[in-house]
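In: Kindly return the folded structure for what I paste below:
(chains A and B)
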Amino acid sequence: METTATNRGPDELLATDVSTLTDALARLPVHPGQHAEAFFERLETVELLPGGTRDRLRLRREQGLCVRLIEAGASRLASTDAISGYTFASCCDRVTGAAGSIGPAPRIRVGRWPPLRMAEIERAERQLEKAVNRRRVGFPMEVTVRRHRRQVQVIRGQVSAPSQFEEYFSLHVKTPWGVWGGLLPSLADEDLDPVATCLVDRLRSRNLPEHADTPRVIVLGPCAAAVMLHEVVAHTLEADTLALTGAPESVVGLKLGEVHLDVLDDPRLAPNGCGRSSDDEGTTVIARWLLRRGRVRQPLADLDWAGRYQRLIPGAARRANRHLLPGPRTTHLELLPGDLPETELFQEAAGGLYIGEFESGALNPFDGGCVLRAPCARRIGASGPVDFVGPVEIRSRTVDLLAAVTAVGDRPLAAGAGWCAKGGSLLPVWARSPSVRLEGLA
Amino acid sequence: MKPLRLPTIQALGTALTAVADRTGASNAEFYVKAGCSLRIEIDPWRPADASPSAPEDWRLHVGRIEERGWALRAGGNHAALFIADSGPLPAPGGWRRLNRHSLRAGSLRLPTPCPRKASLPHPAGNDLPNDESEALGRDLIRDVVERTRDELPGSRLVRARLEDGASASVLANSAGVTGRTAVRLATVHLEFVVERNATRGACSLYRAAGNPKDLDAAALAAEVADRLTLATATPTSFLPSSEIAVAPSLASSLLALLGPLFRGRDGWERLQRLSPGDSLGPPDLQVLDDGALEGGWIRTPVDDEGVPTRAVALIRGGEPAEPLLSWEDDGWSGFSASGCRRRSGWRSPPEISHSHLYINGGPDPADAIRSGIRHGCYLLDRAPDGRSQVTFPRSDNGGEASFEIDATGFVVEHDRILGAIPRARLSGSVRQLFRGIRAVGDDLRFLPAPGAVGSPTLLLTGLQLEPVAQD
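Out: Just a heads-up that it's a prediction; the model follows:
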């Protein structure tokens, strides 16, 4: 294993002349209604388990490709766990059902992969402990650190999109009173600091009973607001979710919230190392207004759904891996700040709750029901959040939750990053949001 | 699909030597796995102006997937390494990038050859999905949809995914342990919705079989129709909880939640705390885990470290009998180990895990259990998107293990259905869950959960059942 310390990113995934591949794909369709696509993927996960574990370091690498033949919304896919001319030709044969479908196998070479760089991963556990200790507390923690790298490249028809590289980290912290998990764009102090805050909050609220009532006012911190928006805006406005109950484009123009709700999905704005210029179908991504002044502007769509409904714009396709089909998903969600200073969100909110983070959220796509679970919260006093309360569960409907947002803070923060597990496909999602104030939830 | 090709034991031995030479590791192990599957996904989307989607209008996504990867574990008393990669195993000269510095602080121990020979025949591993499987899968889903519509007019398929796969693995370690396994498994995941009485209800069903031909469309349709009927029913206000019969699907979900009680030393200590000086459950309660279960979906002669599998009686005669112990804990408290370390794929190291975990069928006919309820509930399955959790307290705070699971079912009086339960929360202590078992049915059934978890119908007493408001 290499241990050279350098931050240089990888080369293009395909270090070969892609025109030979586009030519080969052009031979697959048998009539004009068909088109072919190839998806190449490389992954690396470095995992460092807690100190004291027997085999602490785990390194996983994989690469593979899939070829897909698409016709009128239906498709045939063949995937494999190696990138080579032979496996590419074999996948082409499997989707067409004919041997030698592209003639001789093309030559495929993959580009250089960045070096392993272990130092930051090995330092993370100690840094997190220090961040916790700075809050004048200390407790046993088992920290598992993972660094995820993913590079993909898509060739669709005659076009090859530039390869996309993502690098991010995930932390899994086990304490005697529970487990915290989340994604981080880096392991720098400024990214580990909010994790320490969450861990200390959980320490202070341990063993407290579940909070039963829904208060009149709830203030959601940036992390909690981001998770709420992920469930009630992003998932709700994914074309495949909308299609379960009607035509996805029929929601365009629908008023879901007040005029201070401007929600954007822009994969290019994801934190450093995670931004994307094209999606997992090779389509250029756009800054997509999901909600503009509280009204639905543009649902999330991939090429398939954009082909079915003319008002939908593609560019939001994501796939968990080469063996699965793409689907419309959010990548980086952003709630635009309002003009209310954060402190004013707590005015006349005494008796309400401040929720710093939700640990999970779920949306029922059929009736719009949403469940958000927070491991702890703080009661709001005259001057802001005061004493801790136990776990809180908010059950409501999408429309009610959005209608309850009465104010948006003026200080947006990168927050609420995590794994989205819709349909069993784990995808990293990012967000930036200010705090929000909810009123009148039943 | 092409037969699954794996390296020979001899090739693995050559690679082990190469790795040991380069890294100086005293222990090393290679695990190689290959699999192929056929996946059929149905997209029943239709334009809003069209009539309900007929099977001939479905958009079909067919995937032919080939997966292959390997994992290397190497190390000794003070250093260890785990590497996994996709594709074929590198040639003996392909380990040049490894050296002594590749190993990091840690340790690695590996099993040694077991004198007890694996009792199962060598798996063939060439029973693969083929073109016939594609037609079979499509017909199965079509059949389920049509039968469900017949049983419950207005029901609509939302998503369907059928996966028919086969996998094979080979492993060898530097101590001389070798093993080969092969598994064939078909799973089907169905999601339906229906709108009745101004209520929209949904259900999700996930079932498995050793072969797609064993998936029964009529049974699947009946299960879907039952769950949709319940999801759209008017809830009953009073839930009598003195006698609660749970169907195999819900009982299996409960058993899956309790899995940590049966694994390793920690599990055994938890299980002991549930029955201090007393029996845990009724005498006819038997809980087993058997990696070599005859007819089991994931039956293998050895586990993913090459240790022979066997039937382990976890609870026998209502008493804790033995824990699921890996070879490392062989002899702990006088218990014998079994092959119980599984990998979730080639990317993962082996961990203690159940294979076929089940409550053995009892003497009571399931029909008799249901009809014998004087005034109680018959719970069919987990409620979709409901709560399902078990809490094991830390040993030092003196709390009691408890569980809660959201379920759906009926209020019954003898053989008569008095009302429906679209969603209710069954909860209580784990101790009471075992102690309150009054009857064990004879209708053992397995569910994929993960691994295979099975149970017959159970009659439970002493638990709480409370209605949960619909979202």
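In: so what's residue 433 up against?
Out: Using chain A here. For A:Ser433, the set of contacting residues under the criterion of Cβ atoms under 8 Å, 6 or more residues apart in numbering or on different chains consists of A:Pro222, A:Ala225, A:Ala226, A:Leu229, A:Leu333, A:Glu334, A:Leu335, A:Pro412, A:Leu413, A:Ala415, A:Gly416. For every residue, glycine as well, the C-beta is placed using N, CA and C.
In: switch to chain B, that's the one I care about
Out: Taking Cβ under 8 Å, 6+ apart as the contact definition, B:Leu433 lies against B:Leu254, B:Leu258, B:Phe403, B:Leu460, B:Leu463.
In: what's the closest of the residues you listed to chain A?
Out: B:Phe403 (15.7 Å; Cβ to the nearest Cβ).
In: residues near that closest one, how many?
Out: Residues near B:Phe403, counting by other Cβ atoms under 10 Å in any protein chain shown, number 20.
In: which residue sits closest to it in space, ignoring its chain neighbours?
Out: In space, and not counting its chain neighbours, B:Phe403 is closest to B:Val390: 4.3 Å by Cβ to Cβ, 6 or more residues apart in numbering or on different chains.
In: domain assignment for the chain?
Out: Here I'm looking at chain A. If you go by automatic domain parsing, the domain ranges for chain A are A:18-203, A:206-439.
In: oops, chain B please
Out: Taking automatic domain parsing as the criterion, chain B consists of the domains B:9-231, B:244-467.
In: Say whether chain A is contacted by the helix or strand bottoming out on mean pLDDT in chain B.
Out: When the helices and strands of chain B are compared on mean pLDDT, DSSP states H and E, strand B:104-105 comes out lowest with a mean of 87. Yes - using Cβ under 8 Å from any Cβ of the partner chain, strand B:104-105 reaches chain A at B:Arg104, B:Ala105.
In: So for whatever helix or strand comes next after that strand, what gets flagged as buried?
Out: Past strand B:104-105, heading to the C-terminal end, the next element that is a helix or strand (DSSP states H and E) is helix B:131-151. Burial within helix B:131-151, assessed by neighbour count using 16 or more other Cβ atoms under 10 Å in any protein chain shown, is assigned to B:133-134, B:136-138, B:140-145, B:147-149, B:151.
In: Relative to chain A, which residue of the stretch 151-300 of chain B is the closest?
Out: Counting by Cβ to the nearest Cβ, the stretch 151-300 of chain B gets nearest chain A through B:Ala202, at 5.1 Å.
In: and whichever strand or helix holds that residue, what other elements does it pack with?
Out: If you go by DSSP H and E, B:Ala202 is part of strand B:199-209. With contacts defined as 3 or more Cβ pairs under 8 Å, 6 or more residues apart in numbering or on different chains; DSSP states H and E, strand B:199-209 has these neighbours: strand B:178-196, helix B:217-231, strand B:445-448.
In: Turn the ones you listed into CSV, including mean pLDDT, distance to B:Ala383 and mean neighbour count.
Out: Converted to CSV, the helices and strands packed on strand B:199-209 look like this (pLDDT from 0 to 100; distance: least, Cβ to Cβ, whole Å; neighbours: other Cβ atoms under 10 Å in any protein chain shown):
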stretch, mean pLDDT, distance to B:Ala383, mean neighbour count
strand B:178-196, 92, 14, 21
helix B:217-231, 95, 8, 20
strand B:445-448, 95, 16, 20
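In: List just the one of these that sits closest to A:Ala382.
Out: helix B:217-231 (45.9 Å; Cβ to Cβ).
In: Let me know how buried residue 157 is, in neighbour terms.
Out: Assuming you mean chain A. Counted by other Cβ under 10 Å, the residues lying close to A:Gly157 total 13.
In: I was after chain B.
Out: Using other Cβ under 10 Å, B:Leu157 is surrounded by 23 other residues.
In: With the one 3 residues further on instead?
Out: With neighbours defined by other Cβ under 10 Å, the count for B:Ala160 comes to 24.
In: three-state assignment of the nearest residue in space to it that is not next to it in sequence?
Out: The spatial neighbour of B:Ala160 that comes closest, neighbours along the chain excluded (Cβ to Cβ, 6+ apart), is B:Ile42 at 4.0 Å. Under the three-state scheme (DSSP: H, G, I helix; E, B strand; the rest coil), the conformation of B:Ile42 reads as strand.
In: Bridge partners for B:Ile42, pull those for me.
Out: Residues found in beta-bridge contact with B:Ile42 (criterion: DSSP bridges) are B:Leu60, B:Ala160.
In: Isn't it up against B:Val158?
Out: No - distance between B:Ile42 and B:Val158: 9.5 Å, which falls outside the contact criterion (Cβ atoms under 8 Å).
In: So what's the predicted local confidence for residue 1?
Out: The chain I'm using is chain A. Note on A:Met1: pLDDT of 40.
In: Oops, wrong one, chain B.
Out: Looking at B:Met1, its pLDDT stands at 63.
In: next one: A:Thr53
Out: Note for A:Thr53: predicted pLDDT of 86.
In: A:Gly246 now?
Out: Looking at A:Gly246, its pLDDT is 85.
In: looking at this, it is in a strand?
Out: No - applying three-state DSSP, one finds A:Gly246 to be coil, outside a strand.
In: Look at stretch A:227-239 and report the distance between its end residues.
Out: Looking at stretch A:227-239, the gap from its leading to its trailing residue is 19 Å under the measure Cα to Cα, to the nearest Å.
In: Please see if that stretch touches chain B.
Out: No - applying Cβ under 8 Å from any Cβ, one finds stretch A:227-239 out of contact with chain B, separated by at least 9.8 Å.
In: Can I get the helices and strands packed on strand B:199-209 in a markdown table including distance to A:Asn321?
Out: Compiled in a markdown table, the helices and strands packed on strand B:199-209 are given as follows (distance: least, Cβ to Cβ, whole Å):
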| stretch | distance to A:Asn321 |
| --- | --- |
| strand B:178-196 | 18 |
| helix B:217-231 | 28 |
| strand B:445-448 | 21 |
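In: so which of those comes closest to B:Phe262?
Out: Put simply, out of the helices and strands packed on strand B:199-209 the one that sits nearest B:Phe262 is strand B:445-448, at 16.3 Å, with distance taken as Cβ to Cβ.
In: Give me the contacts around that closest one.
Out: Looking at what lies outside strand B:445-448 - Cβ under 8 Å, 6+ apart - the contacts are B:187, B:206-208, B:248-249, B:252-253, B:296-297, B:356, B:358, B:452-456.
In: which is the next helix or strand following it?
Out: Using DSSP H and E, the helix or strand that follows strand B:445-448 in sequence is strand B:452-455.
In: Direction included, what does whichever helix or strand comes after that following strand pair against?
Out: Next in sequence after strand B:452-455, counting helices and strands by DSSP H and E, comes strand B:458-460. Each strand that strand B:458-460 pairs with, and the sense of that pairing, follows from DSSP bridges: strand B:244-246 (antiparallel), strand B:437-440 (antiparallel).
In: Strands of the stretch 351-471 of chain B, residue ranges please.
Out: Secondary structure of the stretch 351-471 of chain B (DSSP state E, counting those that start in this stretch): strands located at B:351-352, B:356-359, B:376-382, B:388-391, B:402-413, B:416-429, B:437-440, B:445-448, B:452-455, B:458-460, B:464-467.
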